[in-house]
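K.L.:
Mind folding the following:
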Amino acid sequence: MRKMACKGDLSYMKSYKMKKCYVVFALAFTLMPFVACASGGAKEARPTTEAFQRSVIYQILPQHFTQEGTLKKAAEFLPYIKSVGADIVYLCPIVESDDDSDMRFWSKRQKASGLNNPRNPYRIKDYFKIDPRFGTDEDLKAFVEEAHKCGLKVILDLVYYHCGPKAPFIKTNPDFVVRAADGSVKNGRWNFPELNFKSKGLREYLIKNMTHFIEKFDVDGYRTDVEPSVPADFWREAYERISKIKPDVIMIAEGERKDAQTDVYDANYSFKWEYGLIDVFNGKKPASALREIWETQNKQFAKGSRLLRALDNHDTASDACQPEKGGARYEQQFGRRGMDAVQVLNFTMDGIPFLYNGNEFADDAPFSMFADNKHGRFFVGWEKLATKEGSARLQLIRKLAKIRKDNTALWNGSTTWLDNSASDKLLTFTRNAKWQNILVVVNTSSSSVEANVNFESPRISTIIKYGCQFKQKEGSLRVVLAPYGYAILRYE
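P.N.:
Here you go, the predicted model:
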């Protein structure tokens with residue numbers, strides 16, 4: 001296209017004054033950015049609200065959160081969740097899951113759990129019905145109303161890549177699922193029937209499902225399961241329609257689709273960051289691996305993208321308890337001080353901090369996302385809240401949430417990594433906004449660290465620290481940190 005335009009411009013120059021040629025070139029180069037954008041060039045994330053940028057997300061798996069496993073009981077904890085420093089409550093699927101006991105339709109992890117529970121919260125039978133295990137429509141309404149009274153928003157989980165083998169629409173609307181050449185239902189990953197997004201009827205059904213929970217229950221948004229496995233044009237259409245009902249609707253993509261935030265989403269998951277944390281804090285990789293992950297994603301994602309900063313969620317907590325993954329929660333694998341350091345990183349790094357229920361008081365109880373009060377009886381270990389370790393973690397999380405909200409540099413500032421002389425163990429970076437500069441130092445290892453950081457400032461003051469001593473020396477900052485020591489510092 002450029003070549004043809006140039007040829008036309010040359011013939012134009014032969015007939016008219018040179019100054020008119022400049023107009024043609026100016027128009028061509030003015031339009032080039034739009035061509036680049038349309039062809040997958042550099043893009044920018046869409047703006048989100050300040051409230052979302054400042055937020056902390058708290059995830060609840062209802063059947064695990066309390067021994068009752070109900071929405072009604074979970075609602076009693078909402079004032080507490082607000083006191084932790086959270087702003088958004090994310091409920092794992094609360095619609096009816098499939099109870100098919102045929103193990104051909106069970107996921108590998110579901111079988112490996114050994115709990116013999118046919119119900120997988122991510123294998124949906126009825127998208128519009130509240131699972132009776134969790135309560136009723138009125139219970140969800142009451143939960144959302146109480147959350148709003150507490151100043152919390154509520155987002156639900158959407159599982160639209162697949163459904164359960166007993167989903168009624170498989171028979172009533174055969175085109176809603178993908179079919180093999182012989183007409184049989186095609187199962188996708190995890191052995192569940194795959195939904196057919198070529199069906200206009202299915203698309204309309206699912207968009208009505210999204211509008212249903214906003215209009216009837218006043219929910220504030222959605223987290224979309226395995227988001228990249230559902231066509232992007234479906235999410236665009238759905239968002240366009242639901243945002244007319246609730247303009248500030250929150251959308252979070254479980255996945256790392258690089259341009260997801262250009263037109264639909266407020267944030268993406270970052271599995272690479274999560275698994276990077278696991279490898280670094282387990283000593284399998286140097287601390288610098290996390291910096292490398294950040295630098296790679298910073299180049300790949302749309303400019304200004306917001307990533308969730310998490311370690312635990314219903315998936316990683318389940319995986320950690322599998323024998324081949326360590327057989328224990330990360331709270332046990334890293335120790336309380338190690339998990340403290342993880343939380344300091346996640347609350348000071350750019351993006352949105354994310355807590356899994358119980359992280360805030362160092363819960364290390366055995367866990368499986370396939371457990372409920374009839375299978376395994378694995379629940380959040382609330383008794384840990386009364387211990388010295390649990391109380392100390394809760395105080396730390398509350399401080400970190402307040403520090404983040406009180407400092408613009410932490411929720412809307414730039415990030416700059418600093419070189420240091422112990423990059424195998426030490427992470428050092430700054431967060432900067434107008435009139436605000438913050439330095440973060442974190443020892444990711446179980447051994448002491450003494451290092452020089454490529455940093456100099458006329459004045460440094462402490463916001464919060466543990467096991468850290470520092471002093472300016474010959475144009476650099478000398479730091480000495482205890483195992484998993486950290487410091488959040490303000491500087492000029």
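K.L.:
Just the pLDDT at the nearest residue to G135 once chain neighbours are set aside, thanks.
P.N.:
Nearest residue to G135, sequence neighbours excluded (C-beta to C-beta, 6 or more residues apart in numbering): L71, at 4.4 Å. Bear in mind the C-beta positions are built from the backbone N, C-alpha and C, glycine included. L71 carries a pLDDT score of 98 in this model.
K.L.:
Shouldn't N117 be within a strand?
P.N.:
No: with DSSP: H, G, I helix; E, B strand; the rest coil as the criterion, N117 is coil rather than part of a strand.
K.L.:
Sketch out the low-pLDDT regions of the chain for me.
P.N.:
Applying pLDDT under 70 to the chain flags residues 1-42.
K.L.:
mind giving me the domain split of it?
P.N.:
When the chain is parsed with automatic domain parsing, its domains come out as 2-38, 50-406, 414-491.
K.L.:
can you give me the strands for the stretch 51-200 of the chain?
P.N.:
57-60, 88-91, 95-97, 124-130, 153-158 (DSSP state E, counting those that start in this stretch).
K.L.:
For the second one, which helices and strands make contact with it?
P.N.:
Under the contact definition 3 or more C-beta pairs under 8 Å, 6 or more residues apart in numbering; DSSP states H and E, strand 88-91 sits against strand 57-60, strand 153-158.
K.L.:
switch to 10 Å and redo it
P.N.:
strand 57-60, helix 71-75, helix 78-84, helix 137-149, strand 153-158, strand 221-224, strand 250-253, strand 352-356 (3 or more C-beta pairs under 10 Å, 6 or more residues apart in numbering; DSSP states H and E).
K.L.:
Adding distance to A51, write these out as a markdown table.
P.N.:
As requested, those are exported to a markdown table (distance: least, C-beta to C-beta, whole Å):
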| stretch | distance to A51 |
| --- | --- |
| strand 57-60 | 12 |
| helix 71-75 | 22 |
| helix 78-84 | 14 |
| helix 137-149 | 13 |
| strand 153-158 | 8 |
| strand 221-224 | 12 |
| strand 250-253 | 9 |
| strand 352-356 | 12 |
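K.L.:
Adding mean neighbour count, write those out as a markdown table.
P.N.:
Shown next, in a markdown table, are those (neighbours: other C-beta atoms under 10 Å):
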| stretch | mean neighbour count |
| --- | --- |
| strand 57-60 | 24 |
| helix 71-75 | 21 |
| helix 78-84 | 17 |
| helix 137-149 | 18 |
| strand 153-158 | 22 |
| strand 221-224 | 25 |
| strand 250-253 | 25 |
| strand 352-356 | 26 |
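K.L.:
quick one on the thing from earlier: of the strands of the stretch 51-200 of the chain, which is nearest E292?
P.N.:
Closest of the strands of the stretch 51-200 of the chain to E292 is strand 57-60, at 25.3 Å (criterion: C-beta to C-beta).
K.L.:
Could you list the paired strands of that closest one along with their orientation?
P.N.:
When pairs are called by DSSP bridges, strand 57-60 turns out to pair with strand 88-91 (parallel), strand 352-356 (parallel).
K.L.:
Make CSV from those and add distance to E274 to it.
P.N.:
Listed next are the strands paired with strand 57-60 as CSV, based on distance: least, C-beta to C-beta, whole Å:
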stretch, distance to E274
strand 88-91, 15
strand 352-356, 9
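K.L.:
if we compare these, which one ends up closest to V177?
P.N.:
Closest among the strands paired with strand 57-60, using C-beta to C-beta: strand 88-91, at 25.6 Å.
K.L.:
ok but F470 is inside a strand, no?
P.N.:
Yes: F470 forms part of a strand when assessed by three-state DSSP.
K.L.:
coming back round to it: who wins for proximity to R54 among the strands paired with strand 57-60?
P.N.:
Evaluated with C-beta to C-beta, those place strand 352-356 nearest to R54, the distance being 9.2 Å.
K.L.:
Just list the residues touching T66, thanks.
P.N.:
60, 72-74, 76-77, 357, 373, 379-380, 382 (C-beta atoms under 10 Å, 6 or more residues apart in numbering).
K.L.:
Let me fix that, I meant to ask about D157.
P.N.:
Counting by C-beta under 10 Å, 6+ apart, D157 has contacts 59, 61, 90-95, 121-122, 124, 222-225, 252, 254, 314.
K.L.:
Run a quick check on P118 versus R104, I expect a contact.
P.N.:
No: if you go by C-beta atoms under 10 Å, P118 and R104 don't touch, sitting 11.8 Å apart.
K.L.:
Among these two, which residue is more densely surrounded?
P.N.:
Neighbour comparison, P118 and R104: the larger count goes to P118, with 19 against 8 (by other C-beta atoms under 10 Å).
K.L.:
Could I have the CA atoms of stretch 195-211 written out in PDB?
P.N.:
Extracted in PDB, the C-alpha atoms of stretch 195-211 (Å, rounded to 0.1, in the frame of the first residue of the first chain):
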ATOM      1  CA  LEU A 195     -19.800 -24.700  23.800                       C
ATOM      2  CA  ASN A 196     -20.400 -23.700  20.200                       C
ATOM      3  CA  PHE A 197     -19.900 -20.000  19.700                       C
ATOM      4  CA  LYS A 198     -20.800 -20.300  16.000                       C
ATOM      5  CA  SER A 199     -24.400 -20.600  17.300                       C
ATOM      6  CA  LYS A 200     -26.200 -17.300  17.500                       C
ATOM      7  CA  GLY A 201     -28.600 -18.800  19.900                       C
ATOM      8  CA  LEU A 202     -25.900 -19.800  22.300                       C
ATOM      9  CA  ARG A 203     -24.400 -16.300  22.200                       C
ATOM     10  CA  GLU A 204     -27.700 -14.700  23.000                       C
ATOM     11  CA  TYR A 205     -28.300 -17.200  25.800                       C
ATOM     12  CA  LEU A 206     -25.000 -16.400  27.500                       C
ATOM     13  CA  ILE A 207     -25.400 -12.600  27.100                       C
ATOM     14  CA  LYS A 208     -28.800 -12.900  28.700                       C
ATOM     15  CA  ASN A 209     -27.100 -14.900  31.500                       C
ATOM     16  CA  MET A 210     -24.800 -11.900  32.100                       C
ATOM     17  CA  THR A 211     -27.500  -9.400  32.000                       C
END
